[in-house]
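Trainee: generate coordinates for the sequence data below:
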Amino acid sequence: MLVALIFKSVAFDVDHFLIYTPSAHVYLCRFICTILLHIELIEDVKQGLLMLDFLNTHPEQFDQTYMAFAIAAMQLTGGFLAEITNLFMLATRSSVEVCITFFVAFHVLCTIDNIYAEGVCDYALMEALHEPLVFKIKPHDIKFSDRNCN
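Mentor: Numbers count the residues shown, from 1 in each chain. Predicted structure coming up:
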């Protein structure tokens, strides 16, 4: 919803929407901010892919595979949407100061889920969040025809 509101307010509510670069300084600032946020968001995308891979190879460890799939898919698509929104918003900024301000604000927005996860009081849940997934079966060892629909 936030992404839709951002695109609406930036592109659709403007009479003459256009993306231009006023100077090389702004272009360089956009590039650096994009790379920095990409480095930050790539971990979320990788974690979503790893979760989907684990779910695909170990469905017996889940009571509700649909819920686990939804969580992994949200992690993956959230990272992709944040990348696309970051690229779009930085492309529409016209000064170095505004690019840096937007970068800092968007970086804080992207870390809210991590701050919330670290604030969970339940110790068992926190322990589960910090333990890496252990693959007993490698994904390439399972034939595609042997995998179930879940």
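
Trainee: show me the shaky parts of this structure.
Mentor: For the chain, applying pLDDT under 70 flags the ranges 1-3, 6, 10-18, 117-133, 139-142, 144-150.

Trainee: what's the longest helix anywhere in the chain packed up against?
Mentor: Under DSSP state H, the helix in the chain containing the largest number of residues is helix 24-57. Judged by 3 or more CB pairs under 8 Å, 6 or more residues apart in numbering; DSSP states H and E, helix 24-57 is in contact with helix 65-91, helix 96-110. To be clear about C-beta, it is placed using only N, CA and C from the backbone, and glycine gets the same treatment.

Trainee: nearest to V134, of the ones you listed?
Mentor: Smallest distance to V134 across those (CB to CB): 15.8 Å, for helix 65-91.

Trainee: mind listing what's buried along the closest one?
Mentor: Within helix 65-91, the residues scored as buried using 16 or more other CB atoms under 10 Å are 65, 68-69, 72, 75-76, 78-79, 82-83, 85-86, 89-90.

Trainee: just send the helices and strands packed on helix 24-57 back as TSV, with distance to N56 too.
Mentor: Shown next, in TSV, are the helices and strands packed on helix 24-57 (distance: least, CB to CB, whole Å):
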stretch	distance to N56
helix 65-91	9
helix 96-110	26
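
Trainee: let's have the buried residues of helix 65-91 in JSON lines, adding distance to V45.
Mentor: Listed next are the buried residues of helix 65-91 as JSON lines, based on distance: CB to CB, whole Å:
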{"residue": "T65", "distance to V45": "21"}
{"residue": "A68", "distance to V45": "17"}
{"residue": "F69", "distance to V45": "16"}
{"residue": "A72", "distance to V45": "11"}
{"residue": "Q75", "distance to V45": "8"}
{"residue": "L76", "distance to V45": "6"}
{"residue": "G78", "distance to V45": "9"}
{"residue": "G79", "distance to V45": "4"}
{"residue": "A82", "distance to V45": "9"}
{"residue": "E83", "distance to V45": "8"}
{"residue": "T85", "distance to V45": "14"}
{"residue": "N86", "distance to V45": "13"}
{"residue": "M89", "distance to V45": "18"}
{"residue": "L90", "distance to V45": "18"}
